[in-house]
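# Starting from these lines, generate the structure:
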Amino acid sequence: MARLAPRPVATHETTLTPLQESCEACGQPLWVAYHSHRDVMTLSGQWHLTLVIHQCVQPDCPNYHRRHRPEAEGHWALPHGEFGLDVLALIGQWRFREHRSVPEMHQGGSVRVTAAVVSRQQLFSAEELQPRDYLQWRNLQAQSQQREECRRQ
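Predicted structure coming up:
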């Protein structure tokens, strides 16, 4: 499903760095290859993550130009995922432990979790996403945008 509105502006920011500082093959210090960025929606808000990517620059090393990403990146979200593991765990708990339907999750959840439920269709079958759910999501999205504008002012 295509995004109907722009992604919310990140309210929190952090930098993640790999723990390993030297190459495991040659022992030389790892250099910063580049910085990567990703945004993750968690229950605490929208986070902008800056990832420091390291690599070995010794040409004769077997790990030459092998990239080392921060280990902590896996604690935030799945690869290529835009929702944090805490959001996915909450949705999973609601859906499979408490056997809630999508409309029930909408009623009991926050605007952020509701957006996650509706926009991530692979979590639920297409039959469960009814047109009324989409309209409710659009209304919640408009309310969320109004709140963000009020906070900025």
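
# Quick check: buried residues in stretch 8-27?
Buried residues in stretch 8-27, defined by neighbour count with 16 or more other C-beta atoms under 10 Å: 8, 10, 16-18, 23. Every C-beta, even on glycine, is put in place using the N, C-alpha and C of the backbone.

# And the contacts of it?
Identification of contacts with stretch 8-27 by C-beta atoms under 8 Å, 6 or more residues apart in numbering yields 28-30, 39, 41, 44-54, 56, 58, 60-63, 68-73, 76, 144, 148.

# Need the CA coordinates for it. PDB is fine.
In PDB, the C-alpha atoms belonging to stretch 8-27 read as follows (Å, rounded to 0.1, in the frame of the first residue of the first chain):
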ATOM      1  CA  PRO A   8       5.900  12.200  10.400                       C
ATOM      2  CA  VAL A   9       8.800  14.300  11.300                       C
ATOM      3  CA  ALA A  10      11.200  12.600  13.700                       C
ATOM      4  CA  THR A  11      10.900  13.900  17.300                       C
ATOM      5  CA  HIS A  12      13.900  11.900  18.700                       C
ATOM      6  CA  GLU A  13      17.300  11.400  17.300                       C
ATOM      7  CA  THR A  14      20.200   9.100  18.100                       C
ATOM      8  CA  THR A  15      23.500   7.800  16.600                       C
ATOM      9  CA  LEU A  16      24.400   4.100  16.600                       C
ATOM     10  CA  THR A  17      28.100   3.000  16.300                       C
ATOM     11  CA  PRO A  18      29.500  -0.500  15.900                       C
ATOM     12  CA  LEU A  19      31.000  -1.900  19.100                       C
ATOM     13  CA  GLN A  20      33.900  -3.500  17.200                       C
ATOM     14  CA  GLU A  21      36.700  -1.000  16.600                       C
ATOM     15  CA  SER A  22      39.400  -3.200  15.100                       C
ATOM     16  CA  CYS A  23      39.400  -5.700  12.300                       C
ATOM     17  CA  GLU A  24      39.000  -9.300  13.600                       C
ATOM     18  CA  ALA A  25      41.300 -10.600  10.800                       C
ATOM     19  CA  CYS A  26      44.200  -8.200  10.700                       C
ATOM     20  CA  GLY A  27      43.800  -6.200  14.000                       C
END
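
# what bits of the protein have low per-residue confidence?
Along the chain, segments meeting pLDDT under 70 span 1-3, 106-141, 144, 147-148, 150-153.
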